[in-house]
Every structure is written in structure tokens, then in C-alpha cells.
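Student: Got a predicted structure here, sequence first:
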Amino acid sequence: MAEISLKRRIWGWMSFDWATQPFYTLGLTFVFGPYFAAISMGYFSGQMEDAGEAAAASQTLWFWGQTIAGLFIAFTAPLIGAYADSTGRRMPWVWAFSVIYIVMTSALWWAFPDASTLILILIAFNVGLIAAEFLLIFVNAILPSLGDKEEIGKISGNGAALGYWGGVLSLFIMLLLLAENDTGKTLIGLDPLFGLDASEREGTRSVGPFIAIWFAVFMIPFFVWVREPRQVNRTGGVKDAMRDLKQSLSGAVKRKSLLNFLISSMLYRDALNALYSAGGVYATLVLGWSIIQIGVFGIVGAITAAVATQIGGIFDSRIGPRPVIKVCCYILIAVCVVIVGMNRTSLFGIVAIPEGSALPDIVFYVCGAAIGGAGGAIYSASRSMMVRHTHPERPTEAFGLFALSGKATAFLAPFLIGLFSTLTGNAQLGYIPVIALFVIGLILLRYVHPEGDHATWSKSEIPSP
């Protein structure tokens, strides 16, 4: 087989971000998430007299599903990563989780507006989320082989930016041609394509098959151009993986920079994922937006993310990832404060907002742009920082630990949002804990070495390949 150039390997690797971004843009945040919130709120409204309690119950159900998925990922990701490194095989895992991803996202088509399949669809969505997160572990593990530490930041930023542009394009397609508003028309006044029945919300429900088809098509460059490293002929099993994982975990405890980074990223990524997942739900439950309005909001956020992520990658390559992460945390804290303090009638309970005012909508559009831009840049810079703490012989295991740090408390933000929403009976006040997670993560970043800790490794802390 002919040798594949490094340039093609990089493009193949970046195609993964393009292929999977619609799951997060369309599925988690701007189309399916709000649609699920709407049909589940309709269900709970029939069970509860108070509309605020119904909204809180709907939000709680959505986040508790992600809580369970996050716990599963947290407990299994490091072991799967260690096993893949011990055996030297990663691509079979990519193929397997790709199949699961396609099946589960396709199943979202059966999210009927009468909420008759509510729990089954919640399960399918979160199994798809698990598959997407596991795919991310194996793909991120390839990143260290694509360049040196000065190049990695730019490559990571370009890949993430490409993914966000894919999110923008997919969102345009959904809004213009498929997803219907309350009148049964798309954003440009068309009936949903392919004769889809707007009264049954088939245009919006097609988001699941759309995500699956998009992934299947745009993962082709990844499978054609990306190859496993040459050192794949290893004999290893679960016992070897457990031994190596135990050694890596004990070594991580001794490596102060790595430990602080893992805990810091655990908290701020958990908070960020909650914001991503909550954006459309918040707009539905607090501001009363339609799917079309949320979609436009998503386009603004995704475009900002694409631009800001590429800029962040440039700064990452020049000054390192830590300053990029810190600036993004400050921006996201400010956004959370606004989200907690704003609704249709007042701003921070001080400034009264006239009925029918567009101010809340304008402010939330600005918040969406900030979440998109800061979120994209922090994602790219975080995996760049992880590369600076990664041993070249154990990349999948290292990114398994990175996934652990991102999911070990992945239940925490959704759980706290659900808990605060339930206790206060107010969906808006449910976001107060997210502010604390960003603040603690920001404090811990002070103890992370800007260039990682490669120079501080001892042989006893590094598992043998």
C-alpha cells in the first residue's frame, strides 16, 4: 500500500471533527435538544399544574440522561484506552463505535411529538453520546503523531474550527430545508423536503437520520487516510491493560501539573458541556423560543466558534494553551452570570424589561456567540495541553484519562442543574452551580505548567510500551 503523506493524514484526522460536529450542534444543542425539551414539557404539563415545575421536570429528565451516560464513560474510558494501547489496536474500536453511533442517531427519527417514545429516545440519544465520546478518545490519541508541540496547537485548532464550520453548514441545511416552525414551514417558508409531514414534526425528527448520514459520508477520508502507528504488533489483554492503567493512575497522582490540569479540565469542561446541552433547552423553557429561533442562535454561535477556535489555535501555537484556556473561562463565567440573572421580565431582578421587548433575545444571542467562541477555543486548547502531558507510547490511555477527567464528574453539572431546578422550581436558577465549576477550574489552572511536565517524568512513572 502506498505511503500516505502527513498532509493527508492531518486532513483525514480533521475530517472526524467535521463528521461528528452535527451531533453536538444539531443533536445536543440546537435542534433535537430543544425539541426533546418541548415534547417532554408537553408531557409533564399534563401531569403538573404549574408550568414552571413542568419546565424544571423536563430539564431534569434531559440532564439525568446525560448524567448516566457520563458516569458510564467515566468508569470505562480509561480502561478501554489502556487496552487499546496494550494491544496496539485502535481502528477496530473506531469502526465498532461508528456503527453504534449511526444506529443510535438514526433512531432519533422515532421521537414522536406525543412523547410516547420519550424514554426510549432518551436512551438512544445517550447511547449515541457514549459512542461519540469513545470515538473522540481514539481520534484524539492520534493527534500527538501529527506534529511537534508548536504545531499541535494549530492542528488542533484547525480541526476544531473545521468541525464548527461543518456544524454551521449542517444547521443551515436543517433550518432552510427540513426543520419546521410552529406554522409547519422552514426558515425560508418551505414545506420540509421529501414530503415530510410537518404536523408530525417529521422535518425536525429527521435530524437523527441526517446526523447519521452526514457522519457516514464524511468519515470516509478518516478511514482512507488515517492509519494506526507502525508499532501495533503487540500482545496484550485486559490484565496488561489493568496493570498499565494502575501504573498510569499512580503516576498521574505524582505529576502535579498533570493532576491539576485533569481536575481543572474536569470541572470547566463539565460546566461547558452543560452550557452546550442547556443552550437550546434554556431558550425553549425560559425565553419561549421556537426551533427556528434556536437554530438561528445556533448559527451565530457556531460561526463564532469556528472563527474563534482557529484564532485560538494560532495563539496556542505562539503562547501556549494555558493562557487561551484562562481567557475562555473568564468569558464563560460572565455568560453564566447573565444567564442566571436574565429572563423575559427583568435583568438581575433590578432592571425591568417591558413586555414584548427584544432585549432578552439580543442578550442571549450575544451569550450564544460567546459560548460558541470561548467553548471552541477552550476545547482545542485543552487537547493541545493534554498532548504536552502525554507519553508518545501511551496516547490512547492518556486521552482515556483525559476523557475520565471530562466525564468523572460529567454527572455533576447536569445533576446540580437538575437539583437546583427542582429545589427552586425555576429552570433559570438551575445554572448557578455552573459558575462555581468554572471558578474552581480557573483557580486550579494556576498550578498547571504552561509547557506540560515532560521534563519531570521519571522512568518509574511511565508504563512500558
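Tutor: Now that the structure is in, tell me what you want to look at.
Student: all helices of the stretch 201-350 of the chain, in order?
Tutor: Counting by DSSP state H, counting those that start in this stretch, the stretch 201-350 of the chain has these helices, from start to end: 202-205, 207-218, 220-225, 238-254, 256-285, 291-319, 321-341.
Student: Mind checking those helices for the one nearest to residue 8?
Tutor: helix 220-225 (4.5 Å; CB to CB). In this view, the C-beta of every residue, glycine as well, is placed from N, C-alpha and C.
Student: buried ones in that closest one?
Tutor: Of the residues in helix 220-225, those buried by neighbour count under the rule 16 or more other CB atoms under 10 Å are 221-222, 225.
Student: and that helix, what's its mean pLDDT?
Tutor: In this model, helix 220-225 carries a mean pLDDT of 94.
Student: other SSEs contacting it?
Tutor: For helix 220-225, the elements it packs on are helix 6-22, judged by 3 or more CB pairs under 8 Å, 6 or more residues apart in numbering; DSSP states H and E.
Student: Please compute how far the helix it packs on lies from its chain's middle.
Tutor: On the basis of CA atoms, centre = their mean, to the nearest Å, the separation between the geometric centre of helix 6-22 and that of its chain is 17 Å.
Student: other SSEs contacting it?
Tutor: On a contact count with 3+ CB pairs under 8 Å, 6+ apart, helix 6-22 meets helix 118-140, helix 149-173, helix 207-218, helix 220-225.
Student: need the helices of the stretch 201-350 of the chain in a markdown table with distance to residue 119, can you?
Tutor: Formatted as a markdown table, the entries for the helices of the stretch 201-350 of the chain read as follows, by distance: least, CB to CB, whole Å:
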| stretch | distance to residue 119 |
| --- | --- |
| helix 202-205 | 16 |
| helix 207-218 | 16 |
| helix 220-225 | 33 |
| helix 238-254 | 33 |
| helix 256-285 | 17 |
| helix 291-319 | 22 |
| helix 321-341 | 28 |
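Student: returning to that earlier point: is it possible to export the buried residues of helix 220-225 to TSV including distance to residue 145?
Tutor: Putting these into TSV (distance: CB to CB, whole Å) gives the following:
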residue	distance to residue 145
221	17
222	14
225	13
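Student: out of the residues you listed, who's nearest residue 59?
Tutor: Taking CB to CB as the measure, residue 59 lies nearest residue 222 of those, at 34.9 Å.
Student: helix, strand or coil for residue 4?
Tutor: Using DSSP: H, G, I helix; E, B strand; the rest coil, the secondary structure recorded for residue 4 is coil.
Student: just checking, it touches residue 228?
Tutor: No: the pair residue 4 and residue 228 fails to qualify as a contact (CB atoms under 8 Å) at a distance of 11.8 Å.
Student: So between these two, which is more surrounded?
Tutor: Counting neighbours by other CB atoms under 10 Å for residue 4 and for residue 228 shows that residue 228 has the greater number, 16 against 13.
Student: measure that one to residue 219 for me?
Tutor: Distance of residue 228 to residue 219, computed by CB to CB, to the nearest Å: 16 Å.
Student: now swap in residue 388 and tell me
Tutor: Between residue 388 and residue 219 the distance is 28 Å, computed by CB to CB.
Student: and if you look at residue 69?
Tutor: The gap separating residue 69 from residue 219 is 22 Å, by CB to CB.
Student: Would you mind getting the angle between the longest helix seen in the chain and helix 118-140?
Tutor: Within the chain, and with DSSP state H defining each element, the longest helix by residue count is helix 51-87. Comparing the axes of helix 51-87 and helix 118-140 via axes from the mean of the first three to the mean of the last three CA atoms, to 10 degrees yields an angle of 40 degrees.
Student: Report the angle between the following helix or strand past helix 51-87 and helix 207-218.
Tutor: The element immediately downstream of helix 51-87 (helix or strand, assigned by DSSP states H and E) is helix 91-106. Using the same axes, to 10 degrees, the interaxial angle of helix 91-106 with respect to helix 207-218 works out to 150 degrees.
Student: Now do helix 91-106: which elements does it pack against?
Tutor: Packing partners of helix 91-106 (3+ CB pairs under 8 Å, 6+ apart): helix 118-140, helix 207-218.
Student: Tell me how far residue 315 lies from residue 38.
Tutor: Taking CB to CB as the criterion, residue 315 is separated from residue 38 by 39 Å.
Student: Which one of these two is surrounded by more residues?
Tutor: Remark: of residue 315 and residue 38, residue 38 carries more neighbours, 21 against 18, as counted by other CB under 10 Å.
Student: angle of the helix or strand that contains the more buried one against helix 118-140?
Tutor: In the assignment (DSSP H and E), residue 38 maps to helix 32-45. Note on geometry: by the same axes, to 10 degrees, helix 32-45 and helix 118-140 are set 160 degrees apart in direction.
Student: List the buried residues in helix 32-45.
Tutor: Of all the residues in helix 32-45, those buried under the rule 16+ other CB under 10 Å are 32-41, 43-45.
Student: Let's have those residues in CSV, adding pLDDT.
Tutor: Converted to CSV, the buried residues of helix 32-45 look like this (pLDDT from 0 to 100):
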residue, pLDDT
32, 92
33, 87
34, 85
35, 90
36, 91
37, 87
38, 86
39, 90
40, 92
41, 88
43, 87
44, 87
45, 84
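Student: pLDDT weak spots in the stretch 151-300 of the chain?
Tutor: Judged by pLDDT under 70, the stretch 151-300 of the chain has its weakly predicted residues at 229-254, 277-282, 285-286, 291.
Student: re the thing from before, could you give the angle of the longest helix of the chain to helix 256-285?
Tutor: Between helix 51-87 and helix 256-285, the angle formed by their directions is 140 degrees, by the same axes, to 10 degrees.
Student: What are the contacting residues of stretch 214-230?
Tutor: Under the contact criterion CB atoms under 8 Å, 6 or more residues apart in numbering, stretch 214-230 has outside partners 4, 8-9, 11-13, 15-16, 18-20, 22-23, 88-91, 94, 98, 101-102, 105, 139, 142, 145, 166, 170.
Student: Need the buried ones from the residues you listed selected in ChimeraX.
Tutor: Here is the ChimeraX selection string for the buried members of the contacts of stretch 214-230, based on 16+ other CB under 10 Å:
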select :9,11,12,13,15,16,18,19,20,22,23,88,89,90,94,98,101,102,105,139,142,145,166,170
